[in-house]
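Asks: Kindly return the folded structure for what I paste below:
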Amino acid sequence: MSPDEPEDYVVNPNVYICDPIPQQTADQNRVYRFYDHLRENRLTTTECRACGKISWPPKIVCNACMSDDMQWVDFPDTGRIYAFTIQQAGIPPGFDAPLVTALIDFDNDVRIISVLIDTDPDKVTVGAEVALRVLPAPRDRVVFYFALV
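Replies: Got it, this is the predicted structure:
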């Protein structure tokens, strides 16, 4: 890190060249409202008004019918673990072992892959209920994870 670089720019000492957290403002990201919703502790995505397809991640154009008539919709408050893995080695910078990553199913027929935080790996089971956790990130940004309910 150069002496002129603000310290908060470094997400992790091992992650300096590539900032892994997306830019989250209207002038930098066309789905910036997703991050605004996260700041309100809401997980949202887009739904096509033309065909009803719910997209994940949020899109500005529907993958199913190519319409750009999209609206924001909220996810259910909780999801259920479809499958998971517990990683003991080769952990990405910024995380500690053991790292639990899960496929999470929601009642809106969307499946998300996410890291579980604040979670005892011995208590993670298929079918377990999880809820959104939003954490602050450098430069007034946010990141989201899930944790067991």
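Asks: And what about the residue nearest to Phe84 when sequence neighbours are not counted, helix, strand or coil?
Replies: Closest residue to Phe84 apart from its sequence neighbours, by Cβ to Cβ, 6 or more residues apart in numbering: Ala102 at 4.1 Å. Any C-beta I mention is one placed from the backbone N, CA and C, and that applies to glycine too. At Ala102 the chain is in strand, as set by DSSP: H, G, I helix; E, B strand; the rest coil.
Asks: Touching the helix or strand containing Arg33 from outside, list them.
Replies: Arg33 is located in helix 32-39, with elements delineated by DSSP states H and E. The contact list for helix 32-39 (Cβ atoms under 8 Å, 6 or more residues apart in numbering) reads 22, 24-26, 29, 43-45, 57-58, 72, 74, 134, 141-142, 144.
Asks: who does the next helix or strand after that helix pair up with?
Replies: The C-terminal neighbour of helix 32-39 among helices and strands, as given by DSSP H and E, is strand 44-48. Paired strands of strand 44-48, with direction, are strand 54-55 (antiparallel), strand 70-74 (antiparallel) (DSSP bridges).
Asks: what about Gly52, neighbour count?
Replies: Neighbour count for Gly52, taken as other Cβ atoms under 10 Å: 10.
Asks: no wait, Lys123
Replies: 9.
Asks: Ok, Thr46 next?
Replies: By other Cβ under 10 Å, the residues close to Thr46 number 22.
Asks: same check, this time on Phe34
Replies: With other Cβ under 10 Å as criterion, Phe34 counts 21.
Asks: ok, back up a step: give me the local confidence score for the residue nearest to Phe84.
Replies: On the pLDDT scale, Ala102 is placed at 98.
Asks: Quick check: it vs Ala50, distance?
Replies: 32 Å (Cβ to Cβ, to the nearest Å).
Asks: One more: Leu116?
Replies: Separation of Leu116 from Ala50 (Cβ to Cβ): 35 Å.
Asks: circling back to that earlier point, enumerate every residue touching the residue nearest to Phe84.
Replies: Ala102 neighbours (Cβ under 8 Å, 6+ apart): Ile81, Tyr82, Ala83, Phe84, Thr85, Ile113, Ser114, Val115, Leu116, Val124, Val130, Phe146.
Asks: Tell me which stretches of this protein form strands.
Replies: Here the chain has its strands, by DSSP state E, at 44-48, 54-55, 70-74, 78-87, 99-105, 111-116, 129-137, 141-148.
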